[in-house]
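Colleague: Structure for this input, please:
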Amino acid sequence: MSLEASILAVLQNHPEGLSRAALQKLARRQGDPPWKFRRVLKALEERGDLHRRGQTRASHYFPGRASAGVAPQSPAGVFSREGAEVVALISRPIHQRAPCSYERSFLDAYQPNTSFYLREQDRLHLRELGATPDANQPAGTWARHILERLLIDLSWNSSRLEGNTYSLLDTERLFREREVPSGHQALETQMLLNHKQAIEYLVGEAAVLRLEPRALRALHGMLAENLLANPEDEGRLRRMPVGIRDSTYLPLAVPQQIEELFVQLLATAAAIEDPFEQSFFVLVHVPYLQPFADVNKRTSRLAANLPLLQHNLQPLSFVDLPREAYTSATLGLYELRRVEALRDVYLWAYQRSAERYRAIVKSLGEPDPFRLKYRDALRAIVRAAVQELTPANEVAARVAALAEPHAMAGDLPRLQAAALRELSALNEGTFHRYGLRPSEFERWVGRRDETKR
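Modeller: Residues are numbered from 1 along each chain as shown. As a prediction, this is how the structure comes out:
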């Protein structure tokens, strides 16, 4: 297949657009030299077979010609009439959009449990989509049940929305086998690993975390690790002006005001009772304030999951969400202070996420009644064996001793066998559900590997 045909074919499969780097990678795989890639890209753009947004290395390419004042095409059903209106306004050339800055009245006007960004029918629909069997269990129980999949999905999709070119398969290999594929920048690998760490933190601490400055700063510190020019900005509120690429929006620049509004927006969020409204409020106001030097949208996407995890609702992992749709909706928030397009994105993305996790759990079949009966006991047994660093040659005896107080008549051998199976299957995607900390799991793995040698 010619390079022209290859570029057009891959763009048709990616209506959310692809970066220049991703298209260059395609050319290299086909063995085409850089000069040919540049010539072909220019010819396609001049003919209107593709269009570009952004400049130089930050460019993203989309199938077809962009019409002035018309939003780039997104999958059918993402935007409502109101949302499409916002996207059309924001898709005008930048010189036709009015410069704007942070408006405090946008936050001040919101009254928790009286004001709502999500309509009543939206909240009811989301409740139906998000319901899980663990509604009455401790916070984070459902997320631990699907943690391995959630780590991959949310890390990959959130990173993809930032232009990360890792594939889903490469992300799985990175997390499961610690295999770093060739052809990716180090910052892309770092971005994904940072997401994994931050999601593990959210799930592991869901029962005690609150939407408060300390928690958001900790989350940002994990997501921004080794990605900012100044390491002191990791987890620290912004002390410098910032701009938004391809936007007329100029965020607030006064550090004292940023801190004051950061505290206010999180206090407002914490007072919201409905978990979906609370989640969406965070997704709106953290990026709008831009409280950190960078990594604000990533922080908001993960923080928006905290209310869902705490109520054992299906998580929001932005599955299949076109990057262009998310970007346009966010620009509409920045420049117009209108939430309709971002609300459409939230509703569309949540439905896709909830359907995905419902299908994943269904594919696992019915739960084992015995493991369900002894669920708490199995967690206590595995946790104790790991924390005690039980030697391999003593594991069976120690597990039997730990199981004895929990077992009903005749169940001890089966409970012991079930605990040994769970202990042997323990991995990075499952240790959180036993109440173990990463350091405890790593010490146990180290001891196990020493024994094998």
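
Colleague: what's the host helix or strand of A143 packed up against?
Modeller: Here A143 is covered by helix 141-145, with elements defined by DSSP states H and E. Contacts defined by 3 or more Cβ pairs under 8 Å, 6 or more residues apart in numbering; DSSP states H and E place helix 141-145 against helix 186-204. Yep, even glycine has a C-beta here, placed from its N, CA and C like the rest.

Colleague: Dump the C-alpha coordinates for the helix it packs on into CSV.
Modeller: What follows is helix 186-204 as a C-alpha-only set of coordinates in CSV (Å, rounded to 0.1, in the frame of the first residue of the first chain):
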residue,chain,number,x,y,z
ALA,A,186,10.6,8.1,27.5
LEU,A,187,8.0,10.7,28.6
GLU,A,188,5.2,8.5,27.1
THR,A,189,6.3,5.6,29.2
GLN,A,190,6.7,7.8,32.3
MET,A,191,3.1,9.2,31.7
LEU,A,192,1.6,5.7,31.7
LEU,A,193,3.5,4.5,34.7
ASN,A,194,2.5,7.7,36.6
HIS,A,195,-1.1,6.9,35.8
LYS,A,196,-0.8,3.4,37.1
GLN,A,197,0.7,4.6,40.4
ALA,A,198,-2.0,7.3,40.8
ILE,A,199,-4.9,4.9,40.1
GLU,A,200,-3.5,2.4,42.6
TYR,A,201,-3.4,5.2,45.1
LEU,A,202,-7.0,6.2,44.4
VAL,A,203,-8.3,2.6,44.7
GLY,A,204,-6.2,1.6,47.7
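
Colleague: List the buried residues for it?
Modeller: Within helix 186-204, the residues scored as buried using 16 or more other Cβ atoms under 10 Å are 188-189, 191-204.

Colleague: Who are the packing partners of that helix?
Modeller: In this structure, helix 186-204 packs against helix 141-145, helix 147-160, helix 168-177, helix 213-223, helix 296-303, helix 306-310, with contacts taken as 3+ Cβ pairs under 8 Å, 6+ apart.

Colleague: contacting residues for the residue nearest the centre of the chain?
Modeller: Among the residues of the chain, the one closest to the centroid is L154, at 3.7 Å (Cα atoms, centre = their mean). Listed by Cβ atoms under 8 Å, 6 or more residues apart in numbering, the contact set of L154 reads H195, I199, R301, L302, N305, P315, L316, S317, F318.

Colleague: Just put those residues in JSON lines and tack on pLDDT and distance to L389.
Modeller: Output for the contacts of L154, formatted as JSON lines (pLDDT from 0 to 100; distance: Cβ to Cβ, whole Å):
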{"residue": "H195", "pLDDT": "98", "distance to L389": "30"}
{"residue": "I199", "pLDDT": "97", "distance to L389": "27"}
{"residue": "R301", "pLDDT": "98", "distance to L389": "37"}
{"residue": "L302", "pLDDT": "98", "distance to L389": "32"}
{"residue": "N305", "pLDDT": "98", "distance to L389": "33"}
{"residue": "P315", "pLDDT": "97", "distance to L389": "32"}
{"residue": "L316", "pLDDT": "98", "distance to L389": "37"}
{"residue": "S317", "pLDDT": "97", "distance to L389": "34"}
{"residue": "F318", "pLDDT": "96", "distance to L389": "39"}
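
Colleague: And for the helix holding A143, what's in contact with it?
Modeller: 132-134, 150, 202-203, 206, 309, 312-315, 361, 430, 432-433.

Colleague: The same query, at a cut-off of 10 Å, please.
Modeller: Here helix 141-145 makes contact (Cβ atoms under 10 Å, 6 or more residues apart in numbering) with 130, 132-135, 137-138, 150-151, 199, 202-204, 206-207, 305, 308-315, 357, 360-361, 364, 367, 375, 379, 429-435.

Colleague: and if you look at stretch 117-129?
Modeller: In contact with stretch 117-129 (Cβ under 10 Å, 6+ apart) are residues 110, 116, 272, 274-281, 283-285, 308, 311, 313-314, 316, 339-340, 342-344, 346-347, 350-355, 358.

Colleague: I'd guessed Q264 sits against D108; true?
Modeller: Yes: judged on Cβ atoms under 10 Å, Q264 makes contact with D108 at a distance of 8.3 Å.

Colleague: out of those two, which sits in the more crowded spot?
Modeller: Set side by side, Q264 and D108 give different neighbour counts by other Cβ atoms under 10 Å, the larger being at Q264 (15 against 11).

Colleague: quick one: secondary structure of that one?
Modeller: With DSSP: H, G, I helix; E, B strand; the rest coil as the basis, the three-state label of Q264 is helix.

Colleague: Same question for the one 3 residues further on.
Modeller: Following three-state DSSP, we place A267 in the helix state.

Colleague: residues contacting it?
Modeller: By Cβ under 10 Å, 6+ apart, the residues touching A267 are P112, L211, E212, P213.

Colleague: re earlier: dump the contacts of L154 into JSON lines; add distance to E335 as well.
Modeller: Compiled in JSON lines, the contacts of L154 are given as follows (distance: Cβ to Cβ, whole Å):
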{"residue": "H195", "distance to E335": "28"}
{"residue": "I199", "distance to E335": "30"}
{"residue": "R301", "distance to E335": "20"}
{"residue": "L302", "distance to E335": "24"}
{"residue": "N305", "distance to E335": "26"}
{"residue": "P315", "distance to E335": "29"}
{"residue": "L316", "distance to E335": "24"}
{"residue": "S317", "distance to E335": "27"}
{"residue": "F318", "distance to E335": "22"}
